[in-house]
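Novice: task: produce atomic coordinates for the following.
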Amino acid sequence: MFGLTSQMRRAVVSVAANIVEGCARQTSKEYCNFLNISFGSLREVGYYIELSHRLGYIQQQENSELKTLYEQTARVLAGLVKSLHTKQAS
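Specialist: Just a heads-up that it's a prediction; the model follows:
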């Protein structure tokens with residue numbers, strides 16, 4: 001359980017850190033690359049949430065709440081990526 005908790009924390013921090021680091025880059029293309037890395041870390045968090053539930057570390061209610069937060073975050077991040085791609089195309 002400790003290892004899973006540690007991995008999940010690192011992945012969550014990575015999501016935010018890559019967004020911030022990408023924002024500081026010079027071009028939209030670089031920013032998009034960091035957002036894609038962030039999205040990968042977010043997917044990792046989603047996996048850890050599901051794994052935690054399957055292993056019985058979190059109950060159904062907690063799993064549902066975490067999945068909702070995960071899905072909302074994924075939608076916002078995907079929207080940001082899409083808007084940058086649109087900006088690059090124009």
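Novice: going forward, measure contacts and count neighbours with C-alpha atoms only.
Specialist: OK.
Novice: so what pLDDT did the nearest residue to L66 once chain neighbours are set aside get?
Specialist: The shortest distance from L66 to any non-neighbouring residue, by CA to CA, 6 or more residues apart in numbering, is to I49 (7.1 Å). The score at I49 is 96. That number is its pLDDT.
Novice: how about M8?
Specialist: Residue-level pLDDT assigned to M8 equals 94.
Novice: give the helix, strand or coil label for the nearest residue to it once chain neighbours are set aside.
Specialist: With sequence-adjacent residues excluded and distances taken as CA to CA, 6+ apart, M8 is closest to V45, at 5.9 Å. Reducing the assignment at V45 to three states with DSSP: H, G, I helix; E, B strand; the rest coil gives helix.
Novice: shouldn't V45 be in contact with T5?
Specialist: No: contact criterion CA atoms under 8 Å: V45 and T5 do not qualify, at 10.4 Å.
Novice: quick one: residues contacting the spatially closest residue to G22 that is not a sequence neighbour.
Specialist: In space, not counting the residues next to it along the chain, G22 is nearest to Y31; the distance is 4.2 Å by CA to CA, 6+ apart. For Y31, the contacting residues are I19, G22, C23, A24, R25, taking CA atoms under 8 Å, 6 or more residues apart in numbering as the criterion.
Novice: which regions of this protein lie under the pLDDT threshold?
Specialist: Filtered on pLDDT under 70, the chain yields the residue ranges 90.
Novice: can you tell me the element the residue positioned nearest the centre of the chain falls in?
Specialist: Averaging the C-alpha coordinates of the chain gives a centre point, and the residue nearest to it by CA atoms, centre = their mean is L42 (2.2 Å). L42 is part of helix 28-54, with elements assigned from DSSP states H and E.
Novice: which is the succeeding secondary structure element to that helix?
Specialist: Along the chain past helix 28-54, the next helix or strand (assigned with DSSP H and E) turns out to be helix 60-89.
Novice: pretty sure S38 is touching A16, no?
Specialist: Yes: using CA under 8 Å as the test, S38 is close enough to A16 to be in contact (7.2 Å).
Novice: and these two? which has more neighbours close in?
Specialist: Remark: of S38 and A16, S38 carries more neighbours, 25 against 16, as counted by other CA atoms under 10 Å.
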